[in-house]
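> Kindly generate the corresponding structure for this input.
(one chain, ligands or ions: 1)
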Amino acid sequence: MSHQFLEMPDKDGYFGEYGGQIVPPELKAIMDQISVAYEEVRQTQAFQDELADLYTHYVGRPSPLFFARRLTERQGGARIFLKREDLNHTGAHKINHCLGQALLAKYMGKTKVLAETGAGQHGVALATACALVGIPCEIHMGEIDIAKEHPNVTKMRILGCNLVPVSRGTRTLKDAVDSAFEEYLKDPVNFLYAIGSVVGPHPFPKMVRDFQSIIGQEARAQFLEREGKLPDVVTACVGGGSNAIGMFTEFLPDEGVKLVGIEPAGLGLDTPDHAATLTLGTKGALHGFKCYTLQDDKGEPLPVYSIASGLDYPGVGPQHCYLKDVGRVQYEAITDDECLDAFMTLSRVEGILPALESSHAVAYAMKIAKTMPADKTILVNLSGRGDKDADFVANKLGL
Ligand SMILES: *Cc1c(COP(=O)(O)O)cnc(C)c1O
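I've put the predicted structure just below:
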């Protein structure tokens, strides 16, 4: 398919002015090698067959498209459909790009896959993929996060990854990134740094998007098959932006389909406690690429906050920045309170516990459905399941 949006990024990894490789020359050479290897490997039948087989028989794809009848009746207005990425093995969309990167590492003959993790979701998905592919995995995690995220820490240990506690600085995600990156720089030729979203230097935003675009490919075909037409609105939550771009990519050429990315407004856009990067950020650079960021006067990332730990990132994928500027995707923000309400509502009217991240997109659908006529449709990417959030929500709401 030839289309202006689908031919991105350019050969230097730019989506318009965003993305690129803002890294030292030694590292740029390594990133270029990964890019060349990726473009070669992904064309091979062996790689395509192996990934497709794992998507089907390991992840459980295609994930179902579900009509949320009771939610629709409760809200009134447009019909709401859910793309059930929560039903994937490991409970979210992250397994799609972790398998892709673990397989790529194997095909490139890498000896170790490395990453940082905050709440542990990326760590668990990556440790799972590495266990399956049979490649050593090392995850760096701040000591404070290790104490907080017990179930994920236990899972990573069981899955056999080398979990490295980070005791410096903030002892959270920020320093875990630095620690993992230092380890990576010891031997970048033999190690692969697996990035957890459509962020980082080229080719990661492209690679992760490609691995996630299965979501939209399936959903578009499933929707057409079921309804005989395309949805009017497609929505997904945006942290770094991988589940959203995975859902949106296939719909980009469909001009009649409105695409809406949902950011976390946290305690409110008029407070410092949010992570609405596209809504309130300014142009800057972070973790090796150019994007909108929430930053101070000196260009240092601001502390960000969301009730959903998977969404609190001060940057955002470069393709989202471009799609915002050209107006193809609209970005809105949902508060913690709206998110909690959506979490409880979907649980009680459909028997589906959504991840707090995904609940942001559900909340947006609930909000706009009532403003739309009954012959209109909304497709929500339910990026993950809420089992991990159940105790937290129950405590918070005194259940
Ligand atoms: C990590 C995560 C997200 C946020 O990451 P994106 O790259 O923005 O998709 C969203 N939903 C779930 C369930 C997650 O685990």
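> Kindly report the residues of the chain close to the ligand.
92, 94, 121, 197, 237-243, 310-311, 355, 357-358, 383-384 (CB under 6 Å from any ligand atom). C-beta coordinates here come from the backbone N, C-alpha and C atoms, glycine included.
> Identify the residue of the chain closest to the ligand, quick one.
Nearest residue of the chain to the ligand, counting by CB to the nearest ligand atom: G384, 2.4 Å away.
> Please determine how far that residue is located from L267.
Plainly put, G384 is 23 Å away from L267 if you go by CB to CB, to the nearest Å.
> most residues in a single helix of the chain, which one?
Once the chain is assigned using DSSP state H, the helix that runs over the most residues is helix 25-43.
> show me where the stretch 201-350 of the chain has strands.
All strands of the stretch 201-350 of the chain, identified by DSSP state E, counting those that start in this stretch, fall at 233-237, 258-266, 282-286, 289-293, 329-335.
> and V208, which of these is closest to it?
strand 289-293 (12.2 Å; CB to CB).
> on contacts alone, who are the packing partners of the closest one?
strand 18-19, helix 277-280, strand 282-286, helix 318-325 (3 or more CB pairs under 8 Å, 6 or more residues apart in numbering; DSSP states H and E).
> Give me the residues contacting it.
The contact list for strand 289-293, computed with CB atoms under 8 Å, 6 or more residues apart in numbering, reads 13, 17-22, 199-202, 205, 277-278, 281-286, 301, 314-318, 320-321, 324.
> now the angle from that strand to strand 282-286?
140 degrees (axes from the mean of the first three to the mean of the last three CA atoms, to 10 degrees).
> Show me the shaky parts of this protein.
1-2 (pLDDT under 70).
> Domain map for it?
Structurally, the chain divides into domains by automatic domain parsing as follows: 2-8+15-55+94-208, 62-92+216-397.
> Most tightly packed of the ones you listed?
Of all the domains of the chain, domain 62-92+216-397 carries the top mean neighbour count, a mean of 21, counting by mean count of other CB atoms under 10 Å.
> which residue packs closest to K94, ignoring adjacent ones?
Once flanking residues are discounted, K94 sits nearest to A125: 3.9 Å by CB to CB, 6 or more residues apart in numbering.
> Who does the residue of the chain closest to the ligand form a beta bridge with?
Listed by DSSP bridges, the beta-bridge partners for G384 are A92.
> wait, isn't it in contact with H360?
No: G384 is not in contact with H360 according to CB atoms under 8 Å; the separation is 11.6 Å.
> coming back round to it: helix, strand or coil: sort out the residue nearest to K94 for me.
At A125 the chain is in helix, as set by DSSP: H, G, I helix; E, B strand; the rest coil.
> That one: what's it in contact with?
For A125, counting by CB under 8 Å, 6+ apart, the contacting residues are T90, A92, K94, I95, C98, G196.
> Same list, those residues, but as JSON lines with secondary structure and distance to E183 please.
Shown next, in JSON lines, are the contacts of A125 (DSSP: H, G, I helix; E, B strand; the rest coil; distance: CB to CB, whole Å):
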{"residue": "T90", "secondary structure": "coil", "distance to E183": "24"}
{"residue": "A92", "secondary structure": "strand", "distance to E183": "26"}
{"residue": "K94", "secondary structure": "helix", "distance to E183": "21"}
{"residue": "I95", "secondary structure": "helix", "distance to E183": "24"}
{"residue": "C98", "secondary structure": "helix", "distance to E183": "18"}
{"residue": "G196", "secondary structure": "coil", "distance to E183": "16"}
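> right, and P264 touches A275 too?
Yes: between P264 and A275 there is a contact under CB under 8 Å: 4.9 Å.
> What residues does Y305 make contact with?
Y305 touches P264, G266, L267, P272, D273, H274, A275, D312, counting by CB under 8 Å, 6+ apart.
> ok, and the closest non-adjacent residue to it?
With CB to CB, 6+ apart, the residue lying closest to Y305 is D273, at 4.2 Å.
> correct me, but the one you found touches A265?
No: assessed by CB under 8 Å, D273 is found out of contact with A265, at 9.2 Å.
> Roughly how far does I378 sit from L346?
Taking CB to CB, one finds I378 at 13 Å from L346.
> again with K186
Separation of K186 from L346 (CB to CB): 45 Å.
> Then L252?
27 Å.
> likewise H89?
H89 is 21 Å from L346, by CB to CB.
> ditto for A119
21 Å.
> same question, G16
Distance from G16 to L346, by CB to CB: 35 Å.
> my guess is T170 contacts G142, does it?
Yes: shown here, T170 and G142 form a contact pair, counting by CB under 8 Å, at 6.8 Å.
> Which stretches in the stretch 151-300 of the chain count as helices?
With DSSP state H, counting those that start in this stretch as the criterion, the stretch 151-300 of the chain has helices at 173-186, 204-212, 214-227, 242-248, 277-280.
> Please name the residues that touch V362.
Contacts of V362 by CB under 8 Å, 6+ apart are L82, A342, F343, T345, L346, P354, V380, L382.
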